[in-house]
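Asker: Provided below for reference: sequence and predicted model.
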Amino acid sequence: MLGSIVNIVLMLVLAAVVIMIVSKLNAGLVVDGFGSAFIAAAVIAIVAGIATWLLGLLNLNLGILVAVIVYLIVAAIVLMVSDKFVPGMKVDGFAGAIMAAVAIGVVYWLLSLLLGMLL
């Protein structure tokens, strides 16, 4: 059980670092500091988990391109919803949320590759 809690905290720290990097890139998302980024990571994880669960209930059989577009739009909406709950986080409208969602995905992927090489 303790291992699971440590894993969750480590994933939230990694997500907060990704959010901080995307914030520095001016990609439609701004956070005031690491504390706001950490809270944002937790809120985004919760909202994204609920959204993914709801999409799973629909049991849609979408093609890969349509699925990617749907999940990108869902990620942008998750960022916009999280903006309302996280003090110190600002998303610049829907276009900014789309840009931030893509940037978060790319930066997270790059960091995962880098950490995979180091471990």
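Answerer: In hand now; what should we look at?

Asker: Return the residues in contact with Gly93.
Answerer: Counting by Cβ atoms under 8 Å, 6 or more residues apart in numbering, Gly93 makes contact with Gly28. All C-beta atoms are positioned from the backbone trio N, CA, C, and that covers glycine.

Asker: Roughly how far does it sit from Val47?
Answerer: Per Cβ to Cβ, to the nearest Å, Gly93 is found 18 Å from Val47.

Asker: Where does the prediction get shaky in the protein?
Answerer: 1-2, 60, 62, 119 (pLDDT under 70).

Asker: What ranges does it have for its helices?
Answerer: Here the chain has its helices, by DSSP state H, at 2-24, 34-58, 64-85, 93-118.

Asker: Tally up the residues packed near Pro87, please.
Answerer: Using other Cβ atoms under 10 Å, Pro87 has 9 neighbouring residues.

Asker: Quick one: residues contacting it.
Answerer: So Pro87 contacts 36, 39 (Cβ under 8 Å, 6+ apart).
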